[in-house]
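Trainee: just a sequence and a predicted model for now, questions to come.
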Amino acid sequence: MTAENAQPDTGLLAPEPSDVPDAVVDAAALEAAVLDTAGDDDGAPGGAAGGTIDPETLTDDAADAGSGPADADADAAVTSARAQAVAAHPATGAMSPERLAIKALEQRLLGGERKLRRREVAAGAGLSLLSARKLWRALGFPNLGDEDVAFTEADLTALNTVVGLVRTGTLTEEAAISVTRAIGQMTDRMVVWQIEALVEDMVHQQGVSDAVARKQLVGQLPALVDALEEVLVYSWRRQLNAGVQRLAVRAEAGLASSEEGREGDEDDAPLPLARAVGFADLVSYTSLSRRMNEKTLAQLVQRFENKCAEIISVGGGRLVKTVGDEVLYIAETPAAGAEISLALSQAFNDDEILPQARVAMVWGRILSRLGDIYGPTVNLAARLTALADPGTVLVDSMTAAALEHDERFVLLPREAENVRGFGEILPVELQRGQGKGLVLD
């Protein structure tokens, strides 16, 4: 949706409905300020349920009632109630060092204290609550109630940034939400990976338990935040540049090269990108994982992912995703895909810890969406992986035709196989020919 055709009643740019008057928003802002002041010192939410209880108020009614024969018992009861209240609700400002560290880290990461409710943020960006929630859900944020003081000025700034791209016509509403969802999903996975890596390192290096390491991590993160953020932005820019080259500049050349040996009526003919698609699947992973403890299984999975990522990167490919014992990758040419596939198979054959792998690769056309890839080429590569013997690499006949004049590869046809969804296909085993293949530092 551009600025010109935005529908103010339903689109992303829709303002707050008229049944929520400005007075309500203003009242919410005033209430937020009051409650934030009341609960600022101990981090407890404002209101009767979450505020600090003053034990002195427990004596007011008793004092007004005057004295009587049961004064001693009444005083004792009041004293007991006061002691219980103090124990249950420590004095304001008596936060533990651990709680202080957590609060300081949160304020640094969020760009300030939580002082705004969701309607205030939406109104500040000139949006309806429904429109703001679309973007927050795209980022993967949990749903919050109207009374939750959960947002900072940085949240308002971010919302205005995304909405500004739609208002100026730079992005349509659909594109803005899709791009925002990409950021949310990728950063969510990234921070989980980073935290688990740091915790695991602390367990191994310091000899502490997993629970202790997770608590100590709060104290270590402040020294890492700026460095990690700097590398994140640097890597994103490098990856964006590589993506532009791969997905835009060289896309037409890839399609032209994929025309060889085609008749034009193949199932993947309408798809926009030509890629070598490969799968590598560890043999007997399920049975192995049942016999391993948590630590050993984690080491095996990490070793598998690290080895795959290194080989695919050196070969000029891209690791699309890892699912348990299987990795999906792509390359821009059939030769690059073949080199990566052979290197993966050889690496697992030579590894003393990891089992062998079944590997398959198909050159064809794909659709790239949401960080994943789709199409018959992907499905055929997956089917071939199941047909491969441990320690071998299979390709289909069309991929073999694209590689047959390359002396770096040897192609050994196998018997025809009936493959679900594809009928009869001719698998071809790919082996190393002349040359050293990929060289890993």
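Mentor: Sure, I can see it.
Trainee: show me which residues of stretch 98-110 are buried.
Mentor: Across stretch 98-110, burial judged by 16 or more other Cβ atoms under 10 Å covers Ala101, Ile102, Leu105. C-beta: built from backbone N, CA, C; applies to glycine.
Trainee: in helices, which of those appear?
Mentor: Ala101, Ile102, Leu105 (DSSP state H).
Trainee: for the residue nearest to the first one when sequence neighbours are not counted, grab the count of nearby residues.
Mentor: So that's Ala101. Among residues not flanking Ala101 along the chain, Val218 sits closest, at 5.3 Å (Cβ to Cβ, 6 or more residues apart in numbering). Number of residues near Val218 (other Cβ atoms under 10 Å) recorded here: 15.
Trainee: still on that earlier bit, pLDDT and distance to Gly423 for the ones in helices among the buried residues of stretch 98-110 - can I get that in a markdown table?
Mentor: Shown next, in a markdown table, are these (pLDDT from 0 to 100; distance: Cβ to Cβ, whole Å):
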| residue | pLDDT | distance to Gly423 |
| --- | --- | --- |
| Ala101 | 88 | 63 |
| Ile102 | 89 | 60 |
| Leu105 | 92 | 58 |
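Trainee: looking at those, which is nearest Val121?
Mentor: Ranked by distance to Val121 (Cβ to Cβ), these are led by Leu105 at 21.9 Å.
Trainee: can I get the ones in helices among the buried residues of stretch 98-110 in CSV including distance to Val233?
Mentor: Converted to CSV, those look like this (distance: Cβ to Cβ, whole Å):
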residue, distance to Val233
Ala101, 26
Ile102, 25
Leu105, 20
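Trainee: pull up the gap between the residue nearest to Ala101 and Leu224, please.
Mentor: 11 Å (Cβ to Cβ, to the nearest Å).
Trainee: ok, now Leu135?
Mentor: Counting by Cβ to Cβ, the gap from Leu135 to Leu224 is 28 Å.
Trainee: neighbour-wise, which of these two wins?
Mentor: Leu135 (24 against 12).
Trainee: so which other helices or strands are in contact with the lengthiest helix in the chain?
Mentor: Secondary structure of the chain per DSSP H: the longest helix is helix 173-206. The contact analysis (3 or more Cβ pairs under 8 Å, 6 or more residues apart in numbering; DSSP states H and E) places helix 173-206 against helix 129-139, helix 153-167, helix 210-220.
Trainee: please repeat the previous calculation with a cut-off of 10 Å.
Mentor: Contact partners of helix 173-206 among helices and strands, from 3 or more Cβ pairs under 10 Å, 6 or more residues apart in numbering; DSSP states H and E: helix 129-139, helix 153-167, helix 210-220, helix 225-244, helix 294-314.
Trainee: other residues contacting whatever helix or strand comes next after the last one?
Mentor: Tracing the chain C-terminally past helix 294-314 and defining elements by DSSP states H and E, one meets strand 318-323 next. Among residues not part of strand 318-323, those counted as contacts by Cβ atoms under 10 Å, 6 or more residues apart in numbering are 239, 242-243, 246, 275, 277-281, 301, 304-305, 308-313, 327-332, 340, 366, 368, 371-373, 378.
Trainee: buried sites along strand 318-323?
Mentor: So, applying 16+ other Cβ under 10 Å, buried residues of strand 318-323: Arg318, Leu319, Val320, Thr322.
Trainee: against Met292, how distant is the second one?
Mentor: Distance, Leu319 to Met292, using Cβ to Cβ: 24 Å.
Trainee: how about the third one?
Mentor: Val320 sits 26 Å away from Met292, going by Cβ to Cβ.
Trainee: then Leu228?
Mentor: From Leu228 to Met292 the distance is 31 Å (Cβ to Cβ).
Trainee: can I assume Gly364 is in contact with Ala381?
Mentor: Yes. Counting by Cβ atoms under 10 Å, Gly364 does reach Ala381; the two are 8.5 Å apart.
Trainee: what do those two both touch?
Mentor: Going by Cβ under 10 Å, 6+ apart, residues that sit against Gly364 and also against Ala381 are Ala276, Val277, Asp396, Thr399.
Trainee: please tell me which one of the residues you listed counts the most neighbours.
Mentor: That'd be Ala276 among those, by other Cβ under 10 Å, with 31 neighbours.
Trainee: can you pull the contacts of that residue?
Mentor: 254, 258, 317, 329-341, 361-364, 366, 377, 381, 395, 399, 402-403.
Trainee: now do stretch 386-393: distance to the chain's middle.
Mentor: Using Cα atoms, centre = their mean, to the nearest Å, the mean C-alpha position of stretch 386-393 is found 31 Å from that of the whole chain.
Trainee: what is the end-to-end distance of it?
Mentor: Taking Cα to Cα, to the nearest Å, stretch 386-393 runs 11 Å from one end to the other.
Trainee: how about low-confidence regions in the stretch 251-400 of the chain?
Mentor: When residues are selected by pLDDT under 70, those of the stretch 251-400 of the chain lie in 251-272.
Trainee: try the stretch 1-150 of the chain
Mentor: Low-confidence segments of the stretch 1-150 of the chain (pLDDT under 70): 1-11, 14-93.
Trainee: which one of the buried residues of stretch 98-110 is nearest to Thr157?
Mentor: Scanning the buried residues of stretch 98-110 for proximity to Thr157, where the rule is Cβ to Cβ, the winner is Leu105, at 20.0 Å.
Trainee: you'd agree that closest one is up against Val218?
Mentor: Yes. Using Cβ under 10 Å, Leu105 makes contact with Val218 at a distance of 6.0 Å.
Trainee: longest single strand anywhere in the chain?
Mentor: strand 357-369 (DSSP state E).
Trainee: and the helix or strand following it, what other elements does it pack with?
Mentor: Next helix or strand after strand 357-369 toward the C-terminus (DSSP H and E): strand 372-374. Counting contacts by 3+ Cβ pairs under 10 Å, 6+ apart, strand 372-374 is packed against strand 273-282, strand 318-323, strand 326-331, strand 357-369.
Trainee: thank you, goodbye.
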